[in-house]
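Participant: Quick one, fold the following:
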Amino acid sequence: MASWIQRQNNSHQAQLAATAVLSGAAVAGAIFGFQKFRRREAVKRLKDSIPEVNETHRAESLTEYGAVASGPHWSKEDERGAALARRAQEGDYDEELILEQLARNRVFLKDDGLAKLRSSFIVVVGCGGVGSHAVASLARSGVSKIRLIDFDQVTLSSLNRHALATLADVGTPKVHCIRRRLQQIIPWVRFDCRNELFGGSVADDLLAPWSLDDGDKGHKPDYVLDCIDNIQSKVELLHYCHSHSIPVISSMGAGCKSDPTRVMISDISVSSDDRLSRSTRRRLKLLGVNSGIPVVFSTERPGPGKATLLPLAEEEFSKGQVDELSVLPDFRSRILPVLGTMPAVFGYTLANHVICDVSGYPTDYSMGGKGKDKVYDTIHTSLLVSLERLARAEIGSQPVGLRLPMSKDDVIYVVDEIWRGKSALSNLPSRLVLTLWERPSQGFKPDPEWETLGQLVIPFKPEDLVCMTKEEATRHEKEVLLGDKNVKELYSEEILQKVKERRKEMEFYEQYRK
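Facilitator: Residues are numbered from 1 along each chain as shown. Next comes the predicted model:
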């Protein structure tokens, strides 16, 4: 062994190999040392470039979503607005000035209504296109305590529909952007900004009473506006409000919509032509909520040439795990086209409902005639079937060829304009039919004069009809129209008075329809 080592030491090739290895190690060490030196110097230069935290250079913490918690440094105008807001909220803003700013609302809602609005506490969940317009309208109308809830920040694409954001607000949390802009307009309004994502696990905290000081125990929200476009959060919010008896109104989808005349308010149980509404309705039913939540939605239907949800590129599908493209779990991973005007229409409709409801201003929404052809076809047909049944019971045979003395347009007018798309008895908006209020003096026999003209008609006037649910009409037909009871025996004085007023209203409007 020793002789082999001695031979290798004397070998020229072995000496060259050892020299090469040592040289390589020396070069590698020099390279790694130089790289380490460069990294150290780069880190030092980077650290040196970071200014000290002071009034000029402020440090901001990031939220769990990677957004700045309070946004960029305020401009001089923002700082003046914030200072004015602080003074106004401390009482340094004359009451007469506030009432003058709210003068038009005051004469509309009266002093009592405006007082209710000013003392209310409203929560807006979702501060994007719909929510920002709703908040702006609520604050300008007199609501003095508003809690804003949204996890997102303003982006460049937000500016086509956001009510208050400017180019300088890009990267700013939406809740702070709204507060900063509105306090320059109505400085006495107090905003509670929650830069958070709403979910069932944090609902107790986000929808809790808001106490301004120790002497103010606060009260639960007078209204919650759902302006969320994420289905899971939306369902959790609506279910929480419904189960905790907190008044809530929900905005359905404004994306891909372009007809403002089709936007309406109705109970979620009868909302249609809206995918978001359909999905929300189905999920709420699984949680035991079938109705009782007003929604703003559009009856506009998709068609050739209209905007649709943009498809995802095939190469993205091929990568798998498409859900990972979403900003957050269960959020959309595809772009929904939005015409900038439509979120504003939805937002103002939400705010209008809340302003009227909180202030006690009378509202009586109908189902709306637009986009409800099938509904009114069904009501028109069911009225004819009902009259055929009543005539058969009276004459003992089927009145073949019986016709109605009113068109589908007349049905729409009676249901929509007179009865506001709701039952005269229960005020419910679903499964509606029209029925005669009282038995005609001539009974249910076809009119002889019309028969001479070859027409089979049971004469009645539109004001003879009332709107009921199908179940209510069945009972009414059995006990009043075919039975021996009269309406005074069967219904309360309140219902009798309501029917009397609506029939009188119909008589008045009939002169303009002829």
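Participant: domain ranges for the chain?
Facilitator: For the chain, automatic domain parsing gives the domain ranges 76-300+329-359, 373-513.
Participant: Mean confidence (pLDDT) on the longest one, please.
Facilitator: In this model, domain 76-300+329-359 carries a mean pLDDT of 88.
Participant: where's it relative to the chain centroid, distance-wise?
Facilitator: Domain 76-300+329-359 has its C-alpha centroid displaced from the chain centroid by 9 Å (Cα atoms, centre = their mean, to the nearest Å).
Participant: picking that back up, let's have the domains of the chain in JSON lines, adding distance to R40 and mean neighbour count.
Facilitator: C-betas here are computed from N, CA, C, even on glycine. As requested, the domains of the chain are arranged in JSON lines below (distance: least, Cβ to Cβ, whole Å; neighbours: other Cβ atoms under 10 Å):
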{"stretch": "domain 76-300+329-359", "distance to R40": "32", "mean neighbour count": "19"}
{"stretch": "domain 373-513", "distance to R40": "73", "mean neighbour count": "16"}
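Participant: now those domains in JSON lines, with distance to R39?
Facilitator: Rendered in JSON lines, the data for the domains of the chain read as follows (distance: least, Cβ to Cβ, whole Å):
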{"stretch": "domain 76-300+329-359", "distance to R39": "30"}
{"stretch": "domain 373-513", "distance to R39": "70"}
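Participant: closest one to R45 among these?
Facilitator: With Cβ to Cβ, the closest approach to R45 among these belongs to domain 76-300+329-359: 25.9 Å.
Participant: what about that closest one, how long is it end to end?
Facilitator: In domain 76-300+329-359, first residue to last residue: 37 Å (Cα to Cα, to the nearest Å).
Participant: Stretch 157-168 too?
Facilitator: With Cα to Cα as the measure, stretch 157-168 spans 13 Å from end to end.
Participant: hmm, who's touching that stretch?
Facilitator: Residues from elsewhere that reach stretch 157-168, judged by Cβ atoms under 8 Å, 6 or more residues apart in numbering: 72, 75, 128-129, 132-133, 135-136, 154, 170, 172, 174, 177-178, 181-182, 338, 340, 342-344, 347.
Participant: quick one: contacts for the nearest residue to S211 once chain neighbours are set aside?
Facilitator: Leaving aside its sequence neighbours, S211 sits nearest to G218 (Cβ to Cβ, 6 or more residues apart in numbering; 3.8 Å). Applying Cβ under 8 Å, 6+ apart to G218 gives the contacts 121, 209-212.
Participant: Closest one of those to S258?
Facilitator: Distance to S258 across those (Cβ to Cβ) is lowest for F121, with 34.9 Å.
Participant: can you pull out the strands in the stretch 51-200 of the chain?
Facilitator: 121-125, 145-149, 190-194 (DSSP state E, counting those that start in this stretch).
Participant: my bad, should have said the chain
Facilitator: In order along the chain, the chain carries the following strands (DSSP state E): 121-125, 145-149, 190-194, 223-226, 248-251, 263-267, 294-298, 402-403, 432-436, 456-457, 465-469.
Participant: which one of the ones you listed lies closest to A28?
Facilitator: Comparing these against A28 with Cβ to Cβ, the closest turns out to be strand 190-194 (55.5 Å).
Participant: circling back: show me the one of the strands of the stretch 51-200 of the chain that comes nearest L490.
Facilitator: For L490, the closest of the strands of the stretch 51-200 of the chain is strand 121-125, at 41.2 Å, according to Cβ to Cβ.
Participant: contact partners of the closest one?
Facilitator: By Cβ under 8 Å, 6+ apart, the residues outside strand 121-125 that reach it are 131, 134-135, 138, 143, 145-150, 198, 206-207, 209-210, 218-228, 233, 237, 354, 358.
Participant: Now do that strand and strand 145-149, the angle between them.
Facilitator: Interaxial angle of strand 121-125 relative to strand 145-149 (axes from the mean of the first three to the mean of the last three Cα atoms, to 10 degrees): 20 degrees.
Participant: For strand 121-125, which strands pair with it and how are they oriented?
Facilitator: Pairing partners of strand 121-125, with direction, according to DSSP bridges: strand 145-149 (parallel), strand 223-226 (parallel).
Participant: can I get those in CSV with distance to S250?
Facilitator: CSV is the format used below for those (distance: least, Cβ to Cβ, whole Å):
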stretch, distance to S250
strand 145-149, 14
strand 223-226, 4
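Participant: just to revisit the earlier point, which of the contacts of G218 lies closest to L481?
Facilitator: Ranked by distance to L481 (Cβ to Cβ), those are led by F121 at 48.9 Å.
Participant: And for that closest one, nearest residue in space, chain neighbours not counted?
Facilitator: Once flanking residues are discounted, F121 sits nearest to K145: 4.4 Å by Cβ to Cβ, 6+ apart.
Participant: how near is that neighbour to L117?
Facilitator: K145 sits 11 Å away from L117 when distances are taken as Cβ to Cβ, to the nearest Å.
Participant: wait, doesn't L138 sit right on H353?
Facilitator: No - here L138 lies out of contact with H353, judged by Cβ atoms under 8 Å, at a distance of 10.8 Å.
Participant: Tell me where the stretch 151-300 of the chain has helices.
Facilitator: For the stretch 151-300 of the chain, applying DSSP state H, counting those that start in this stretch gives helices covering 174-182, 203-206, 231-243, 275-286.
Participant: Can you check the pLDDT for V487?
Facilitator: We have a pLDDT of 92 for V487.
Participant: Likewise for Q8?
Facilitator: pLDDT recorded at Q8 is 52.
Participant: Figure out which of the helices of the stretch 151-300 of the chain is closest to E505.
Facilitator: Of all these, helix 275-286 comes closest under Cβ to Cβ, at 31.1 Å.
Participant: So which residue is dead centre in this protein?
Facilitator: By Cα atoms, centre = their mean, the chain has its centre lying nearest to S251, at 1.6 Å.
Participant: Endpoint to endpoint, stretch 131-151 covers what distance?
Facilitator: Distances were taken as Cα to Cα; on that basis the terminal residues of stretch 131-151 are 13 Å apart.
Participant: Residue ranges in the stretch 301-450 of the chain under the pLDDT threshold?
Facilitator: Per-residue confidence of the stretch 301-450 of the chain (counting by pLDDT under 70) places the weak regions at 309-335, 365-372.
Participant: All set, thanks.
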